[in-house]
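> have a look; sequence and predicted model below, questions after that.
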Amino acid sequence: MAAKLIKGTEIREEILEEIEKEVADIKEKHGVVPGLVTILVGENPASISYVTLKIKTAHRLGFHEIQDTLSEDLSEEALLDLIDKYNNDDSIHGILVQLPLPKQIDEKKILNAIDPDKDVDGFHPVNVGRLMIGGDEVKFPPCTPAGIQEMIIRAGVETKGAEVVVVGRSNIVGKPIANMMLQKGVGANSTVTVVHTGTKDLASHCRRADILIVAAGVPGLVKPEWIKPGACVIDVGVNRIGEKISEKTGKKIAILSGDVDFNAAKEIAGSITPVPGGVGPMTITMLMKNTLKSLKLRLGII
Ligand code: NAD
């Protein structure tokens, strides 16, 4: 195998250890810890497992953690009242509403009701605007793109002047990571192209990429011959392509695949993220980092 593996599982541990130390330090000096509330409406199994993992990570880091689990038939008004309560709770620095929400609730209205200074997911229009301006304006970069950039930095990949091609233009991955990579600053300063379903010749753009970031949600979309030899390939895609029985638990688990033909791509790329174990573990990690940052901003120590 030619490519170096960029392992999200290892980078996650490095970052969580850094956060853990900082939390202990702030607790000692200022007598406070980061406070995170996770709001889950209904019983979507994927949402339950994401929220469970977020809570577990927050506990491990010594955060003050509140979990609100609400019934599927909750009204929009009741959820807005709850958000208002946490917007005004000084022990809470991050408010996370797990998506998707049941259909009687307007997601946009809910996300817009979160205080932008507690919006650790980075989805509020104010934070999207701050990200676009860049530099010191940025408070909470959205978690998956922030995780991607952190992986690129920690893998030692040169970004200044690099040709970055982003496949996908979603609001949660494609558009924000493209915006982050073109800003001046560490882990950025790149020349960015965004390709999508309206692009005429996907392959020719991908072949130019020194850093290829793929977030399309299409298994095996990127073929090995689309990869420039030595490129850094970040595969964000998480696609369920089947089921198998886990050797550890004996239970049925999903077989996951990325958007890149990994086995062939690893022979051409300089570095590459696996699926699973690549970008996936970074998202929750960056959520914790944003929550810690929210507390530090409140304390005026950054
Ligand atoms: P999305 O469906 O909102 O957006 C996909 C984008 O890819 C669209 O902009 C579309 O134009 C583009 N696209 C789709 N098919 C294409 C094609 N054939 N050619 C060119 N462009 C194409 O998806 P998303 O929310 O951005 O997620 C993308 C993938 O990343 C999914 O597999 C998702 O599960 C995964 N994801 C992983 C994480 C994580 O690991 N933490 C987080 C978010 C998303």
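It's in.

> now the helices for the protein?
Counting by DSSP state H, residue ranges of the helices within the chain are 8-30, 45-60, 76-87, 107-113, 125-133, 143-154, 174-182, 202-206, 262-265, 280-299.

> need those helices in CSV with mean pLDDT and mean neighbour count, can you?
Heads up, the C-betas are built off the backbone N, CA and C, glycines and all. What follows is those, written out as CSV (pLDDT from 0 to 100; neighbours: other CB atoms under 10 Å):
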stretch, mean pLDDT, mean neighbour count
helix 8-30, 98, 15
helix 45-60, 95, 15
helix 76-87, 98, 16
helix 107-113, 97, 15
helix 125-133, 98, 16
helix 143-154, 98, 23
helix 174-182, 98, 22
helix 202-206, 98, 17
helix 262-265, 97, 18
helix 280-299, 98, 22
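
> now distance to the ligand too, for those helices, in CSV please.
Compiled in CSV, the helices of the chain are given as follows (distance: least, CB to the nearest ligand atom, whole Å):
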stretch, distance to the ligand
helix 8-30, 8
helix 45-60, 9
helix 76-87, 23
helix 107-113, 14
helix 125-133, 15
helix 143-154, 4
helix 174-182, 5
helix 202-206, 6
helix 262-265, 14
helix 280-299, 4
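
> among those, which is nearest Ile245?
Of all the helices of the chain, the one in closest proximity to Ile245, counting by CB to CB, is helix 45-60 (18.2 Å).

> next, give phi and psi for Thr249.
The phi and psi values for Thr249, taken as degrees, to the nearest 10, are phi -110, psi -20.

> assess the claim that His64 and Leu36 are in contact.
Yes. When contacts are counted by CB atoms under 8 Å, His64 is listed as touching Leu36 (7.4 Å).

> which of those two has more neighbours?
Leu36 (29 against 17; other CB atoms under 10 Å).

> which non-adjacent residue is nearest that one?
Of all residues beyond its chain neighbours, the one nearest Leu36 is Gly94 (4.4 Å), with distances taken as CB to CB, 6 or more residues apart in numbering.

> Gly242 now?
Closest residue in space to Gly242, ignoring its immediate chain neighbours: Ile255 at 4.2 Å, by CB to CB, 6+ apart.

> I'd guessed the one you found sits against Glu243; true?
Yes. Assessed by CB under 8 Å, Ile255 is found in contact with Glu243 at 6.3 Å.

> picking that back up, nearest to Pro219, out of the helices of the chain?
Set against Pro219 and scored by CB to CB, the helices of the chain come closest in helix 262-265, at 10.4 Å.

> identify the contacts common to His64 and Leu36.
Shared between the contact lists of His64 and Leu36 (criterion: CB atoms under 8 Å, 6 or more residues apart in numbering) are residues Ile92.

> ok, back up a step: what separation do you get for the residue nearest to Leu36 and Leu297?
For Gly94, the distance to Leu297 equals 11 Å [CB to CB, to the nearest Å].

> same question, Pro276
Where Leu297 is concerned, Pro276 sits at a distance of 33 Å (CB to CB).

> hang on, the earlier thing: burial of the residue nearest to Leu36, as a residue count?
The local packing of Gly94 (other CB under 10 Å) involves 28 other residues.

> dump the residue contacts of it.
Counted by CB under 8 Å, 6+ apart, Gly94 has contacts 34-37, 118, 120, 287, 290-291, 294.

> with distance to Pro145 added, can I get the residues you listed in TSV?
As requested, the contacts of Gly94 are arranged in TSV below (distance: CB to CB, whole Å):
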residue	distance to Pro145
Pro34	21
Gly35	24
Leu36	20
Val37	23
Lys118	19
Val120	14
Leu287	12
Asn290	12
Thr291	17
Ser294	18
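
> now Phe123: closest residue in space, sequence neighbours ignored.
In this structure, Phe123 finds its nearest non-sequential neighbour in Leu111, 5.1 Å apart by CB to CB, 6+ apart.

> distance of that neighbour relative to Glu14?
Distance of Leu111 to Glu14, computed by CB to CB: 30 Å.
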